[in-house]
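In: kindly generate the corresponding structure for this input.
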Amino acid sequence: MEYDSFVLISNSRSGHSFVARNIYSWYGDITMQNPLYCNAENIRPDFLKKAQVWTYGTENAKIKRQRKTVDYSKHILIGLVSRDYLNWMASYIKITDNPDDWKGVDFSFLTGTWLSIAKEYYGETNYLPEAVKIKYEKFRDDQSYRKEICKRVGGNFNDELLEKVAPFGGGSSFDSLDYDGRASQMKTDERYKQIIGTEFEEYYWKMYNSNPEALEFYKTKCPGSSVG
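Out: Numbering: from 1, shown residues only. Okay, the predicted model is just below:
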């Protein structure tokens, strides 16, 4: 079945642009509108009618709230993207070129959105029972997994964009577009190591310590977690 719209619920810097572009390619058209990154209150049903496949990366929006604000119909398929907590935090902190941009930021809200998505992904909550749950790392590394996802979302499977770096938001937080054409060489599983010793480290640890519940969930409920 092909869908009128595909709603991708994720945190910013979760690898959702990589996932989105691959899904676009399965539908044979990557010239559509870029993924729209917005808060839940800005997701309106009329946005969902603009393209055959329309992908949303919803920053800072709780899953429970998402369920109430998106107009779901039989022609809309929901995707949920989860990424390793430590690598996500490191990539999020590096989204800016100036570490001072993080002064005074309440990181507990940001880490709370990761926790909300992680709980849904691992089955602790069930607000989106129909969602196609996508683990970024497995989607990146495992072709058979990507084929399974393609069967769920429709389209014709290919890996044409697998080595491309999504240009949205300037590409990778750490590597920009330097690895475009050889994306698999990026060390995206080592971001939590790479941020140590940089001018951003102070804010990484502030984010790390901002939400004990999220950190405990990550360490105890997320298989294959990086060493925290």
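In: switch to C-alpha atoms for all contacts and neighbour counts from now on
Out: OK.
In: and the helices in the chain?
Out: Per DSSP state H, the chain carries helices over the ranges 16-26, 63-69, 85-93, 107-121, 136-141, 143-153, 191-194, 201-208, 212-221.
In: surely Arg21 touches Glu160?
Out: No - using Cα atoms under 8 Å, Arg21 is not in contact with Glu160; the gap is 9.9 Å.
In: quick one, which of those two is more surrounded?
Out: A count of neighbours by other Cα atoms under 10 Å puts Arg21 above the other of Arg21 and Glu160, at 21 against 11.
In: neighbouring strands for the strand ranked longest in the chain, and are they parallel or not?
Out: In the chain, assigned by DSSP state E, the strand with the most residues is strand 76-82. Strand pairing for strand 76-82, using DSSP bridges, gives strand 5-9 (parallel), strand 132-135 (parallel).
In: avg pLDDT for the first one?
Out: Per-residue pLDDT values over strand 5-9 give a mean of 71.
In: now swap in stretch 212-222 and tell me
Out: The average of the pLDDT scores along stretch 212-222 is 94.
In: then stretch 124-132?
Out: Over the span of stretch 124-132, the pLDDT mean works out to 82.
In: list the buried residues of that stretch.
Out: Neighbour-count burial for stretch 124-132, counted by 16 or more other Cα atoms under 10 Å, picks out Leu128, Ala131, Val132.
In: what about it, how long is it end to end?
Out: Terminal residues of stretch 124-132 are spaced 16 Å apart (Cα to Cα, to the nearest Å).
In: re earlier: and of the strands paired with strand 76-82, who's closest to Phe109?
Out: Among these, the nearest to Phe109 by Cα to Cα is strand 5-9 (16.5 Å).
In: tabulate the strands paired with strand 76-82 in CSV, adding columns for distance to Lys94.
Out: Listed next are these as CSV, based on distance: least, Cα to Cα, whole Å:
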stretch, distance to Lys94
strand 5-9, 21
strand 132-135, 21
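In: indicate which one of those is closest to Asp106.
Out: Nearest to Asp106, of all these, is strand 5-9, at 21.7 Å by Cα to Cα.
In: before we move on, back to that, so which of the strands paired with strand 76-82 is nearest Gly197?
Out: Of all the strands paired with strand 76-82, strand 132-135 sits nearest to Gly197, with 28.5 Å by Cα to Cα.
In: pick out the shakiest of the helices of the chain, pLDDT-wise.
Out: Looking at those, the weakest mean confidence is helix 63-69, a mean of 51.
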